[in-house]
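J.: Let me see the structure of the following:
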Amino acid sequence: MRLIAVAIIGAGIDGAALAECDLPEPSAPAAGWQVIEGEDFAFTARNPAFPGLTVDLTMDAPVIPEVLDFVRLESYGGRVALLQYFSGDPGTSALVTMVRNAIIDLGTGQTLAAPLYSADCEQIPWTWFHDHVEVADDALVERIALPLD
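T.: Next up is the predicted model:
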């Protein structure tokens, strides 16, 4: 793994260099994704291979997100996909590297949710079922319904 530099807006600090863990190197499928900044520091991601699809990116700190991976889940008929991205490194005395997975319904183009995948390189438990996924962190269990064909 290599340390990926991430600019913290306005601070001029290399946020990932101060974080406690290294981000994974972006995969080949991540290369086609472009991050677009909207109003009020809101971000989306687009890929020319998926015209009309815009993925909303939930952020954890004021940084420019970086797409790390994209995968279609064939076990859900290829309709569900995950877009993994660096969502920030919040903290005060120590920065915590946050990575999220946007869950996408490719049939409707809707971003179903963007729960945490890992915090400070500690993976958050994800449990997959035939019609939903449960993401459990220390505070709660988030249940995300998945589209059924």
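
J.: Which stretches in this protein count as strands?
T.: 34-37, 43-46, 55-57, 66-73, 80-88, 98-105, 110-113, 116-119, 122-123, 126-128, 132-136, 141-145 (DSSP state E).

J.: any low-confidence regions in the chain?
T.: In the predicted model, the chain carries pLDDT under 70 at residues 1-20, 92-94, 149.

J.: ok so, going back, tell me which of the strands of the chain sits nearest to Leu23.
T.: strand 80-88 (5.6 Å; Cβ to Cβ). All C-beta spots, glycine's among them, are computed from the backbone N, C-alpha and C.

J.: any chance of the strands of the chain in TSV, with distance to Asp22 and mean neighbour count too?
T.: Formatted as TSV, these follow (distance: least, Cβ to Cβ, whole Å; neighbours: other Cβ atoms under 10 Å):
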stretch	distance to Asp22	mean neighbour count
strand 34-37	20	12
strand 43-46	22	18
strand 55-57	21	21
strand 66-73	12	19
strand 80-88	11	24
strand 98-105	11	24
strand 110-113	26	17
strand 116-119	12	19
strand 122-123	13	11
strand 126-128	21	14
strand 132-136	23	16
strand 141-145	26	13
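
J.: right, so of these, which gets closest to Pro26?
T.: Short answer: strand 66-73, nearest of these by Cβ to Cβ, at 5.1 Å.

J.: neighbouring strands for that closest one, and are they parallel or not?
T.: Looking at strand 66-73 with DSSP bridges, its partner strands are strand 80-88 (antiparallel).

J.: The strand it pairs with vs strand 98-105, what angle?
T.: Per axes from the mean of the first three to the mean of the last three Cα atoms, to 10 degrees, the angle that strand 80-88 makes with strand 98-105 is 150 degrees.

J.: Looking at the strands of the chain, which is nearest to Ala28?
T.: Short answer: strand 66-73, nearest of the strands of the chain by Cβ to Cβ, at 9.2 Å.
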